[in-house]
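> after the sequence you'll find the predicted model.
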Amino acid sequence: QVDLVESGGGLVQAGGSLRLSCAASGRASASRAMAWFRQAPGKEREFVAAVNWNGISTDYADSVKGRFTISRDNPDNTVYLQMNSLKPEDTAFYHCAAREWMFTTRASEYDVWGQGTQVTVSS
């Protein structure tokens, strides 16, 4: 079983930066693809970014390309989401998720989820 714990959320002004962390623990956590999803009030959960097990392949939602960077540190079993040039529309509850092997952009295909962390961007 793999457990995920997110941290790093908070309140930031538009144009600012935050770095989210997702610490994974448990068996075979380093072999799993990891992703970040977010959900704003009244909206569906949406894909943000993903990284494969070795950190080489990544994917991003169009809305965050060029502003967010996903990375992972396998020895520390941690995945990061560096968020720059934040906008008010980035305000949401951010979750990290894990699945075996290759990442996808579909939340339904991830079987492990963290509790999430709130990101609020003020204008």
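The structure has been received and is ready for your questions.
> hmm, Thr117 and Gly9 touching each other?
Yes. Judged on Cβ atoms under 8 Å, Gly9 makes contact with Thr117 at a distance of 3.3 Å. To be clear about C-beta, it is placed using only N, CA and C from the backbone, and glycine gets the same treatment.
> overlap of the contact sets of these two?
20, 94 (Cβ atoms under 8 Å, 6 or more residues apart in numbering).
> what count of nearby residues applies to Ala98?
Applying other Cβ atoms under 10 Å, we find 25 residues neighbouring Ala98.
> tell me the pLDDT at Ser31?
Looking at Ser31, its pLDDT reads 75.
> name the element the nearest residue to Leu81 once chain neighbours are set aside belongs to?
In this structure, Leu81 finds its nearest non-sequential neighbour in Leu20, 4.2 Å apart by Cβ to Cβ, 6 or more residues apart in numbering. Using DSSP states H and E, Leu20 sits in strand 18-26.
> quickly run through the sheet partners of that strand, with directions.
Strand pairing for strand 18-26, determined by DSSP bridges: strand 2-7 (antiparallel), strand 78-83 (antiparallel).
> quick one: low-confidence parts of the protein?
27-30 (pLDDT under 70).
> which residue lies nearest the spatial centre of it?
A centroid search over the chain (Cα atoms, centre = their mean) returns Trp36, at 2.4 Å, as the residue closest to the centre.
> ok, it - contacts?
Counted by Cβ under 8 Å, 6+ apart, Trp36 has contacts 20, 22, 48-50, 70, 79, 81, 94-97.
> check Gln82 too.
Residues near Gln82 by Cβ under 8 Å, 6+ apart: 17, 19, 68-71.
> okay, the strands paired with strand 18-26, which one's buried deepest?
Greatest average neighbour count among the strands paired with strand 18-26 goes to strand 78-83 (a mean of 23), per mean count of other Cβ atoms under 10 Å.
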